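Enquirer: Got a predicted structure plus its sequence, pasted below:
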Amino acid sequence: MDSYALLLGSTLSAGTVLAIAALGLLINEKAGIVNLGAEGMMLCAAIAGFATVVTTHNPWLGLLAGMAAGALLAAFFGVLVIWLNTNQYATGLALSLFGVGFSAFAGINFVQAKLPESASYAIPVLADIPLLGPALFRHHPMVYVAVLLTVGLIWFLYRTRAGLVLRSVGESPESAHALGYPVRRIRLLAVIAGGALCGLSGAYLSTVYTPLWVEGMVAGRGWIALALTTFATWRPMRVLLGAYLFGGVSMLGFHLQSSGVDVPSQFLSMLQYIAPIVVLALISRNPAFIRVNMPASIGKPFYPGS
């Protein structure tokens, strides 16, 4: 039973990395912007957060530094694609490649660095409940923050005027512009908010989930988070559940190895990448379902004067 509790607990931790990044990308896409640079932003945020914690010994400052790094890169991306109308896909790929290279360069001196010992965040009394305690109540606060972010984003998108405006910008920016809304400014704010969440995910990865710095440590999670938004058909709660699903698939390999199952380690390593491909292939069999839920103007440039 303890092994299953550990599997569930590790699933939540692994899914949190994907969930926070995917929620950020969801905000971008709801505003009509596709940012393929999540991998690069997460890597830059990971080294920014790790370096900050090594320097200040404060893990919360590390998370803030990661958010700042992600927001800064996203703002640069936003100016290019929103004001200069560069191609969103090419610019996002360039940002991703830049992040991979820059993080490797900036992190050279931190490869052997160690973080201060992490505090225990177990919830009193609840953490001692058999099975449920280790599985649900001994996590870092960011695991619970991911759930709160999901609930907050649902409320914001579907229960507030600002959320309605954001969705209208993603559906028909021309109509929103005709009504007097500053479409470019709204899109830029959405891109920066999404970048900050990607940065938070990257910093959580390097300072909490795997407290070390290794070149390329994001290991494709940015791309999985990007696929997750489509898999979830742009619904926040589905994003969270999908993140836990993919996190569980990645942790299942370690669970099988510890249980003595004779499965090649290479196969177990690729499980977390196969799962998104299989799921996307399955839902792509019904393109009408995707089109109904997809923001109508996603990936399309906006020209105010046209």
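Expert: Yes, it's here.
Enquirer: Phi, psi for M41 please.
Expert: phi -60, psi -40 (degrees, to the nearest 10).
Enquirer: same check, this time on V214
Expert: phi -130, psi 140.
Enquirer: neighbours of it, just the number please.
Expert: 15 (other C-beta atoms under 10 Å). C-beta coordinates here come from the backbone N, C-alpha and C atoms, glycine included.
Enquirer: Contact partners for the residue nearest to it when sequence neighbours are not counted?
Expert: Nearest non-adjacent residue to V214, counting by C-beta to C-beta, 6 or more residues apart in numbering: V111, 7.1 Å away. Contact analysis of V111 by C-beta atoms under 8 Å, 6 or more residues apart in numbering lists W213, V214, E215.
Enquirer: can you put those in a markdown table and add pLDDT?
Expert: Converted to a markdown table, the contacts of V111 look like this (pLDDT from 0 to 100):
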| residue | pLDDT |
| --- | --- |
| W213 | 95 |
| V214 | 94 |
| E215 | 93 |
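Enquirer: Distance to T230 added to those residues, as CSV?
Expert: Converted to CSV, these look like this (distance: C-beta to C-beta, whole Å):
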residue, distance to T230
W213, 30
V214, 29
E215, 28
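Enquirer: Pick out whichever of the residues you listed sits closest to G101.
Expert: E215 (10.0 Å; C-beta to C-beta).
Enquirer: for the closest one, helix, strand, or coil?
Expert: With DSSP: H, G, I helix; E, B strand; the rest coil as the basis, E215 sits in coil.
Enquirer: With the flanking residues excluded, which residue is spatially nearest to it?
Expert: Closest residue in space to E215, ignoring its immediate chain neighbours: A104 at 4.6 Å, by C-beta to C-beta, 6+ apart.
Enquirer: got it, and L126?
Expert: F137 (4.2 Å).
Enquirer: what do you get for G163?
Expert: In space, G163 is closest to L157, 4.1 Å off (C-beta to C-beta, 6+ apart).
Enquirer: What residues of the helix or strand hosting that neighbour count as buried?
Expert: Using DSSP states H and E, L157 sits in helix 141-159. Going by neighbour count (16 or more other C-beta atoms under 10 Å), the buried part of helix 141-159 is M142, V143, Y144, V145, A146, L149, T150, L153, L157.
Enquirer: thinking again about what came up before, which residues are in contact with the residue nearest to G163?
Expert: K30, G163, L166, R167, P236.
Enquirer: Out of the residues you listed, which sit inside helices?
Expert: Mapping those onto helices (DSSP state H) picks out K30, G163, L166, R167, P236.
Enquirer: which among those gets closest to V292?
Expert: Of all the ones in helices among the contacts of L157, V292 sits closest to R167, with 14.1 Å by C-beta to C-beta.
Enquirer: Now that that closest one has come up, it's in contact with P295, right?
Expert: Yes. Using C-beta atoms under 8 Å, R167 is in contact with P295, at 7.4 Å.
Enquirer: more crowded one of these two?
Expert: Using other C-beta under 10 Å, the more surrounded residue of R167 and P295 is P295, with 21 against 18.
Enquirer: so the more buried one, which of the three states?
Expert: coil.
Enquirer: Work out the gap between stretch 164-184 and the centre of the chain.
Expert: Relative to its chain's centre, stretch 164-184 lies at 25 Å (C-alpha atoms, centre = their mean, to the nearest Å).
Enquirer: And it, end to end?
Expert: This stretch, stretch 164-184, spans 16 Å end to end (C-alpha to C-alpha, to the nearest Å).
Enquirer: next one: stretch 152-169
Expert: Note: stretch 152-169 ends 20 Å apart using C-alpha to C-alpha.
Enquirer: now it: mean pLDDT?
Expert: Mean pLDDT, stretch 152-169: 96.
Enquirer: Repeat that for stretch 241-257.
Expert: The model assigns stretch 241-257 a mean pLDDT of 85.
Enquirer: For it, which residues meet the burial criterion?
Expert: Neighbour-count burial for stretch 241-257 [16+ other C-beta under 10 Å]: 241-253, 255-256.
Enquirer: try stretch 117-135
Expert: So, applying 16+ other C-beta under 10 Å, buried residues of stretch 117-135: A127, G133, P134, A135.
Enquirer: for that stretch, the distance to its chain's centre please.
Expert: Distance, centroid of stretch 117-135 to centroid of chain: 25 Å (C-alpha atoms, centre = their mean).
Enquirer: Stretch 191-209 now?
Expert: Counting by C-alpha atoms, centre = their mean, stretch 191-209 comes out at 7 Å from the chain centroid.
Enquirer: Return the set of buried residues in that stretch.
Expert: Neighbour-count burial for stretch 191-209 [16+ other C-beta under 10 Å]: 191-209.
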